[in-house]
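Visitor: below is the sequence, then the predicted model.
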Amino acid sequence: MREILGKRRRERSALLSAATACARWGWPVVPGIGIAAWAGTCGCGQDDCPLPGAHPDTPPPPDPDTPVLPHTAGSARPPLMAASADERMVRWWWSRFPDAPVVVATGVRVAALSVPAEAGVRALRQLDTLGVRTGPVTVAPGRYGFLVRPYALDELADLLDRYGLNRYGSVPFTLRCHGPGGFLALPPSRVPGGPLRWAVAPRPGDLSGASAPWLPHVSDLVRTLVDTCHSVTHVRRSA
């Protein structure tokens, strides 16, 4: 029992440390919905949840006829639109929801592209061979997330047209964009398939001298990510 309690304390401490680090970097975060410990499924209650445990809460609209009692105020996890980089707010949230995943709101200070795990492994290998530097890269069950600088959707659309439609006739459906209005769960958040981890850990202040981790431009990575997504899909269809 002592070992179990010690492990839980370490996991909660790691989540709080990750959330407060994001706040110091200026990355707005919210506590994710998490997983139901008794069932190991998403806390939202949907059996077919596409992102079990790794998404923000979506509270129902308030009922004007139902008063908010003092003991229930703030009992729900904040929605994505409430994402904050205020460290005091972040600490308060994780004091209330200590097991909550760390979900970063994308589009303003950080963004991402995510791909299937096999494509992510190939992309890291190819980018290293080409001498292209990546920023932080997350590993979730079955997915790799490549963090990049914020991008405009029309900018990304032009890149996908150039490297997807013009070269392959399509944009890989397995490539997900986490841009304006989006989100991404960060390590060490836990989901039903296990805890998230870093394939490439954040390195605050490296080279740039800034406090936040260096992030590449989306144009540095998108061609390689499109290529590896298509190559993985082609191999599976040929098998």
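Guide: Great, that's in hand.
Visitor: drop to CA atoms for contacts and neighbour counts, all remaining ones
Guide: Fine.
Visitor: the spatially most central residue of the chain: what's it in contact with?
Guide: The centre of the chain sits closest to L184, judged by C-alpha atoms, centre = their mean, with a distance of 2.0 Å. For L184, the contacting residues are A54, H55, V103, V104, A105, T106, A112, H178, by C-alpha atoms under 8 Å, 6 or more residues apart in numbering.
Visitor: also T41?
Guide: Applying C-alpha under 8 Å, 6+ apart, we find T41 in contact with I35, D47, P52, G53, P192.
Visitor: hang on, the earlier thing: and the residue nearest to the centre of the chain, how far from Y144?
Guide: 11 Å (C-alpha to C-alpha, to the nearest Å).
Visitor: show me the shaky parts of this protein.
Guide: Along the chain, the model assigns pLDDT under 70 to residues 1-6, 37-39, 59-75, 205-210, 234-239.
Visitor: at 90 what do you get?
Guide: 1-9, 34-54, 57-77, 191-194, 203-212, 232-239 (pLDDT under 90).
Visitor: what's the biggest helix in it, counting residues?
Guide: helix 2-25 (DSSP state H).
Visitor: any buried residues in that one, and which?
Guide: E11, R12, A14, L15, L16, A18, A19, T20, A21, C22, A23, W25 (16 or more other C-alpha atoms under 10 Å).
Visitor: how far is that helix from where the chain is centred?
Guide: A distance of 17 Å separates the centroid of the chain from that of helix 2-25, by C-alpha atoms, centre = their mean, to the nearest Å.
Visitor: mind giving me the packing neighbours of it?
Guide: Helix 2-25 makes packing contacts with strand 29-31, helix 87-96, strand 102-106 when contacts are defined by 3 or more C-alpha pairs under 8 Å, 6 or more residues apart in numbering; DSSP states H and E.
Visitor: who's in contact with W27?
Guide: Counting by C-alpha under 8 Å, 6+ apart, W27 makes contact with S84, A85, V104, A105, R109, V110.
Visitor: out of these, who has the most neighbours?
Guide: Highest neighbour count within the contacts of W27: V104, with 29 neighbours (other C-alpha atoms under 10 Å).
Visitor: now the helices for the chain?
Guide: Under DSSP H, the chain gives helices at 2-25, 87-96, 117-130, 153-160, 166-168, 218-238.
Visitor: okay, the contacts of W27 in JSON lines with distance to R149 next?
Guide: Listed next are the contacts of W27 as JSON lines, based on distance: C-alpha to C-alpha, whole Å:
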{"residue": "S84", "distance to R149": "18"}
{"residue": "A85", "distance to R149": "17"}
{"residue": "V104", "distance to R149": "13"}
{"residue": "A105", "distance to R149": "13"}
{"residue": "R109", "distance to R149": "7"}
{"residue": "V110", "distance to R149": "5"}
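Visitor: on that earlier part again, from the contacts of T41, which would you call buried?
Guide: Listed as buried from these are I35, P52, G53, P192; burial here means 16+ other C-alpha under 10 Å.
Visitor: what comes up buried for stretch 120-127?
Guide: So for stretch 120-127, counting by 16+ other C-alpha under 10 Å, buried means G120, V121, R122, A123, L124, L127.
Visitor: right, I'll leave it there.
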